[in-house]
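In: below: sequence and its predicted model.
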Amino acid sequence: MKTIQPMNRYLLLPLAISVLAINSANADKIPASKVSLPGGTNTTVTWNEPENYGNHLYRIYVWVPADSTATNALYHVYPKGNGGSSNCSSTDANNPCYEIPIDTTQHPGEFVQLTLNNDPQTQWSFNFSSNAGGGGSVSVNASNLSASETLTTGSILFDNPRIGQPYQGGIIVSLTNGGQHGLIAANQDLPSTYSFNDAQTAVKNSANYDAAGQAYSDWRVPTSNEIDVLFQHKDLINATGTFYWTSSFSSKAYAWLEVFQYPGIPSFSGYRGPDADRTYHAAVRPVRSF
């Protein structure tokens, strides 16, 4: 198999720059000169993951130059490397491969996300492998295309979850385990203030969320530790309330809340205490984990 590697790792396509700057400023970008693969030839372009060690979670986007005429480009995602095999099988436990077809004629001059079942939340877990071909990669081959078609390729974008990114109904406020897990805050506070007990019920009412939040049913009131994370990112999540409930209680009469901003006594901002009367009405910013 003839392999065509990107000719210059540090050369960005002009159009790619504008798209990346707008949508994915913090993503890992592997730029490449434009490469044309004639249909019916056994030619391949391969991009290796930015970090071929540890565990990393990515959304993946490929650049489609405007002159690509391939109607069925088959992109292969190898999260653990291809192990030296040209076969593509998602059930291979050691070196799984996922094949994603793209009609490039429908996306001229665009980044296209590689997804499973057209799910835009698709994230690929890249894990270093010591096998031959270890380290995750993405590749595309032109052999399945007709001789009248040309598959043109460019840069690839490995977009890893980051704090502040819209994701799964809200905004990411913390990440763990290489971005594979984290905490998401809802896009807005619940629409009113609530007593401690009522807050635990209101957080389960889907009518209290925007369209993005309504896609998920596991929203909850943050714990006393999680409320600290929300306070640290209060500007990021646009939390404008004064007092916010946690799900933690100290007795039948009292529970934990946190002061996000207190104009009368600014030094109170960030105070978290267990001595709030559970009948007091405070704001609620729901969270969920992924």
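Out: Ah, there it is. None of these values were measured; they are calculated from a predicted model.
In: quick one: least confident helix or strand in this structure?
Out: helix 14-23 (a mean of 31; mean pLDDT, DSSP states H and E).
In: for Asn187, see how far away Gln214 is.
Out: For Gln214, the distance to Asn187 (CB to CB, to the nearest Å) stands at 11 Å. Using the backbone N, CA and C atoms, a C-beta is placed for each residue, glycine as well.
In: now for these two: what residues contact both?
Out: Gly169 (CB atoms under 8 Å, 6 or more residues apart in numbering).
In: between the two, who's got more neighbours?
Out: Each of Gln214 and Asn187 has its neighbours counted (other CB atoms under 10 Å); Asn187 has more, 18 against 13.
In: go ahead and confirm Trp219 touches Ser289.
Out: No - counting by CB atoms under 8 Å, Trp219 does not reach Ser289; the two are 10.3 Å apart.
In: and these two? Which one has more around it.
Out: Using other CB under 10 Å as the criterion, Trp219 and Ser289 rank with Trp219 on top: 24 against 13.
In: let me see the ranges of the strands in the stretch 101-250 of the chain.
Out: Per DSSP state E, counting those that start in this stretch, the stretch 101-250 of the chain carries strands over the ranges 110-113, 124-127, 137-141, 150-153, 156-159, 166-167, 170-176, 181-186, 243-249.
In: what sits against Ala199?
Out: Ala199 sits next to Leu190, Val221, Trp245, Ala282, Val284 when contact means CB under 8 Å, 6+ apart.
In: mind running it again at 7 Å?
Out: Val221, Trp245, Val284 (CB atoms under 7 Å, 6 or more residues apart in numbering).
In: ok, Cys97 next?
Out: By CB under 7 Å, 6+ apart, Cys97 lies in contact with His76, Tyr78, Asn82, Cys88, Ser89, Ser90.
In: neighbour count for the residues you listed - can I get that in a markdown table?
Out: Output for the contacts of Cys97, formatted as a markdown table (neighbours: other CB atoms under 10 Å):
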| residue | neighbour count |
| --- | --- |
| His76 | 20 |
| Tyr78 | 27 |
| Asn82 | 24 |
| Cys88 | 18 |
| Ser89 | 12 |
| Ser90 | 10 |
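In: quick check: closest non-adjacent residue to the residue most central in space within the chain.
Out: Nearest to the mean C-alpha position of the chain, counting by CA atoms, centre = their mean, stands Pro161 at 4.1 Å. Distances taken as CB to CB, 6 or more residues apart in numbering put Gly179 closest to Pro161, at 4.4 Å, once the chain neighbours are dropped.
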